[in-house]
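A.B. asks: Sequence first, predicted model second:
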Amino acid sequence: MKDFRDKVVVITGAGSGMGRDLAVKLGTMGAKLAISDMNPDGLATTEKLVGETGAAVHAQILNVAEREAVLDYAEAVVAHYGTVNVVFNNAGIAHHGEIERTEFKDIERVMDVDYWGVVNGTKAFLPHLIASGDGHIVNTSSLFGLLAEPGQAAYNSAKFAVRGFTEALNQEMIIAKHPVKVSCVHPGGIKTAIARNATTSGDHDQKKTADFFDKYLARMTSADAADVIIDGVRKNKARILVGNDAKVLDIWVRLVASKYQGISARVTGWAMSKAE
């Protein structure tokens, strides 16, 4: 996927953050966009911004956790544009809370969006990507799909699952010799609204947790993250690490193996105590 001009690109979670920046940047490159989100206002703003680039844009409210709705959406996009070349399964939510204090429903909600949303999008669009003869599927995992963090069990579970699912898919496309490339994206601390929109359980103060993330962890803008992702897709990278934190911690976990867990527990415990 060296050139996005006239390629039909699907982006979920396009109402803000990386999804919005991906849509606008790809619009300036001549792509035809199909964007979706659960937030009507955010989606309308992205649609307007993409339209200002001169790109064709198809916008639809979509809950990626609803499988039948995603299947119908894939058919609607193909009916509108005639084909699909690239799918960014980007929609995601977060939850902060220790396992013993987190309700089943909170874990299920994150898994439904962050993992099953990716599965739904992949399964719905994969036949069309194969048929296009020049397809690429881009699934958003996380830095937390490379290492686990205390208080992030629901998010870790979903993002590790996305990583495994996507890496298996990549190998299957190679074996089958299908004309579809596959990339798994691992963003580090990106300045988006995901922390502020996250739910919490136990003693976690949502505002304090979000403030801590924004002040100490969110180092890269979503626009810069979008540039890294687009470059990775152009280079057909199977794994796209976004941000120096993701790159450094990926190497660190490989070097120290399971020992990272004890170190991470102590560092995170100390950091959160300072945030209180």
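C.D. replies: That came through, no problem.

A.B. asks: quick one: average pLDDT of the longest strand along the chain?
C.D. replies: When the chain is parsed with DSSP state E, its longest strand is strand 180-187. Average pLDDT, strand 180-187: 98.

A.B. asks: Burial check on Gly97, number of neighbours?
C.D. replies: Look at Gly97: counted by other C-beta atoms under 10 Å, it has 22 neighbours. The C-beta positions use only the backbone N, C-alpha and C, and glycine is treated the same way.

A.B. asks: can you pull the contacts of Val86?
C.D. replies: The neighbours of Val86, taking C-beta atoms under 8 Å, 6 or more residues apart in numbering as the test, are 1, 4, 7-10, 31, 129, 135-138, 233.

A.B. asks: same thing but at 6 Å, please
C.D. replies: Shown in contact with Val86 (C-beta atoms under 6 Å, 6 or more residues apart in numbering): 9, 136.

A.B. asks: Dihedrals phi and psi, it?
C.D. replies: Dihedral pair for Val86: phi -140, psi 140, per degrees, to the nearest 10.

A.B. asks: returning to that earlier point: pairing partners for the longest strand of the chain, with directions?
C.D. replies: strand 135-140 (parallel), strand 239-242 (parallel) (DSSP bridges).

A.B. asks: To Leu169, which of those strands lies closest?
C.D. replies: Closest to Leu169 of the strands paired with strand 180-187, according to C-beta to C-beta: strand 135-140, at 7.2 Å.

A.B. asks: Could you give me the buried positions within the helix or strand harbouring Ala223?
C.D. replies: Secondary structure from DSSP states H and E places Ala223 in helix 222-234. Under the neighbour-count criterion of 16 or more other C-beta atoms under 10 Å, helix 222-234 has 222-230, 232-233 buried.

A.B. asks: Could you check the pLDDT of the closest residue to Asp6 other than its chain neighbours?
C.D. replies: Residue nearest to Asp6 in three dimensions, not counting chain neighbours: Gly30, with 6.2 Å by C-beta to C-beta, 6 or more residues apart in numbering. Here, the pLDDT recorded for Gly30 equals 98.

A.B. asks: what kind of secondary structure is Gly30 in?
C.D. replies: Three-state assignment for Gly30 (DSSP: H, G, I helix; E, B strand; the rest coil): coil.

A.B. asks: Roughly how far does it sit from Ala59?
C.D. replies: Here the criterion is C-beta to C-beta, to the nearest Å. By it, Gly30 lies 18 Å from Ala59.

A.B. asks: Comparing those two, which shows the higher neighbour count?
C.D. replies: Ranked by neighbour count (other C-beta under 10 Å), Gly30 and Ala59 place Ala59 first, with 21 against 15.

A.B. asks: State the helix or strand in which the more buried one lies.
C.D. replies: Counting by DSSP H and E, the element that carries Ala59 is strand 57-61.

A.B. asks: That strand: what's the following helix or strand?
C.D. replies: helix 67-81.

A.B. asks: Please work out which residues outside that following helix touch it.
C.D. replies: Residues contacting helix 67-81 (C-beta under 6 Å, 6+ apart): 8, 32, 34, 58, 62, 64, 120, 124-125, 128.
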